[in-house]
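Chemist: I'll drop the sequence and a predicted model, then ask my questions.
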Amino acid sequence: MKKYKLFVDELGTSHPSNIALQPYYILMGCIIDDTYQDEIKIHADQIKFKYWGHTNVVLHSADMANDSNAFMIFSGNPTSKANFQKDLLMFMNQLKVGLTVCVVDKQAISVKGWNEKKIVEYTARSVMESFLAKVKANSPSNGKMIFEISKGFKDRIYLETFNYLISPNFSRSDTDYSFRDVQSLLTSINFVTKLSHDIETQISDILSYAAKCKVLKDTGKRTFTPGSYESEIVKILENKLIKTPPSISAAKKIYFDKIRSFEIVT
């Protein structure tokens, strides 16, 4: 039986304000096969040791962009930074992960009267239901969800969404989900602190930045130089988005069709 883990990361503020500085709110779902976790950590640690001499480094997109915290070693050293980005991109490109992303265009939803609770509820349902469909499509399998602790009300919404999915109240007339079926597919939801420093959460953070770059590129708001870090990380993101396999049974295709790999809410 396959066992999957969903690592969730957010980018931007979920409050429908501050649109000028943060026009998008992104919820990233990074799905990893449980048997692959050790291999991911080993490869990431090799990169960290190469540049820092130890592995107690958190790969954080904001720090990488600003050469802050651990990444101060690259300040004024563009060659070393370019080499690090090349190694990181190679590592990210080789990852065996599947992605489901929900992006909220805050300018667009502001006219709909969405508040922060509505934004968090919608994005949670989008990512968590897509994970459920992914697990079901690859059955026999089950899955766990891992969230980084956030504001209390967000964690409450994530937990309520999980409880809804495994309850008899959740039904989809277009699939054969059953109450018992979902309970066997989704086994747990866990909340971890930022101090856990899971490499999977760090990967989700990097890919959240990639999702932001993709939206900016696709909407024509930004252009990225071919071969640049941003250009390449967008390609990696697009390659990791969950896709329906070309050869698949009709029974499993039903569930792949329910996966929202890159949903933009406008």
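Modeler: Cool, the structure landed.

Chemist: For stretch 190-203, which outside residues touch it?
Modeler: Applying CB atoms under 8 Å, 6 or more residues apart in numbering, the contact partners of stretch 190-203 are 5, 7, 9, 30, 32, 37, 40-41, 44-45, 56, 58-60, 92, 95, 97, 144-149, 155, 158. (C-beta placed from N, C-alpha, C; glycine too.)

Chemist: go with 7 Å
Modeler: 7, 9, 30, 32, 40-41, 44, 58-59, 95, 144, 146-149, 155 (CB atoms under 7 Å, 6 or more residues apart in numbering).

Chemist: out of those, which is most surrounded?
Modeler: If you count neighbours using other CB atoms under 10 Å, the busiest of these is residue 30, which has 27 neighbours.

Chemist: Looks like it contacts residue 99 (just checking).
Modeler: Yes. Applying CB atoms under 7 Å, one finds residue 30 in contact with residue 99, separated by 6.0 Å.

Chemist: Common neighbours of those two, please.
Modeler: The contact sets of residue 30 and residue 99 overlap at residue 207 (CB under 7 Å, 6+ apart).

Chemist: Identify, from the contacts of stretch 190-203, the entry nearest to residue 230.
Modeler: For the contacts of stretch 190-203, the minimum distance to residue 230 (CB to CB) is 15.8 Å, reached by residue 59.

Chemist: Excluding covalently adjacent residues, which one is nearest to that closest one?
Modeler: Among residues not flanking residue 59 along the chain, residue 202 sits closest, at 4.2 Å (CB to CB, 6 or more residues apart in numbering).

Chemist: Tell me the first helix or strand C-terminal of whichever strand or helix holds the one you found.
Modeler: Per DSSP states H and E: residue 202 is located in helix 199-218. Using DSSP H and E, the helix or strand that follows helix 199-218 in sequence is helix 229-240.

Chemist: Can you show me the helices along this protein?
Modeler: 37-52, 61-66, 78-94, 106-110, 116-137, 152-165, 179-185, 199-218, 229-240, 250-256 (DSSP state H).

Chemist: which one of these has the lowest average pLDDT?
Modeler: The weakest mean pLDDT among those belongs to helix 179-185, with a mean of 85.

Chemist: ok, and what's touching that one?
Modeler: With CB under 7 Å, 6+ apart, helix 179-185 has contacts from 132, 135, 136, 142, 143, 165, 166, 168, 170.

Chemist: Give me the neighbour count for the first one.
Modeler: Neighbouring residues of residue 132 were enumerated by other CB under 10 Å; the total is 27.

Chemist: Do I have it right that it meets residue 170?
Modeler: No. Using CB under 7 Å, residue 132 is not in contact with residue 170; the gap is 9.1 Å.

Chemist: how much space between the nearest residue to residue 93 once chain neighbours are set aside and residue 252?
Modeler: Distance criterion CB to CB, 6+ apart; nearest residue to residue 93, sequence neighbours excluded, is residue 236 at 5.3 Å. In this view, residue 236 and residue 252 are 26 Å apart by CB to CB, to the nearest Å.

Chemist: Check the gap between residue 182 and residue 142 for me.
Modeler: 10 Å.

Chemist: can you check residue 158 too?
Modeler: 18 Å.

Chemist: The two: who's more crowded?
Modeler: Neighbour comparison, residue 158 and residue 142: the larger count goes to residue 158, with 21 against 18 (by other CB under 10 Å).

Chemist: do you know how far the more buried one is from residue 235?
Modeler: 30 Å.

Chemist: again, but for residue 152
Modeler: 37 Å.

Chemist: Next: residue 167.
Modeler: Distance of residue 167 to residue 235, computed by CB to CB: 40 Å.

Chemist: Residue 66 now?
Modeler: Separation of residue 66 from residue 235 (CB to CB) stands at 23 Å.

Chemist: Now for the nearest residue to residue 27 once chain neighbours are set aside: which residues touch it?
Modeler: In space, residue 27 comes closest to residue 123 once its chain neighbours are excluded; the distance is 4.0 Å by CB to CB, 6+ apart. Residues near residue 123 by CB under 7 Å, 6+ apart: 27, 102, 104.

Chemist: May I see the residues you listed organised as CSV, with neighbour count and distance to residue 51 added?
Modeler: Formatted as CSV, the contacts of residue 123 follow (neighbours: other CB atoms under 10 Å; distance: CB to CB, whole Å):
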residue, neighbour count, distance to residue 51
27, 27, 30
102, 26, 33
104, 26, 35
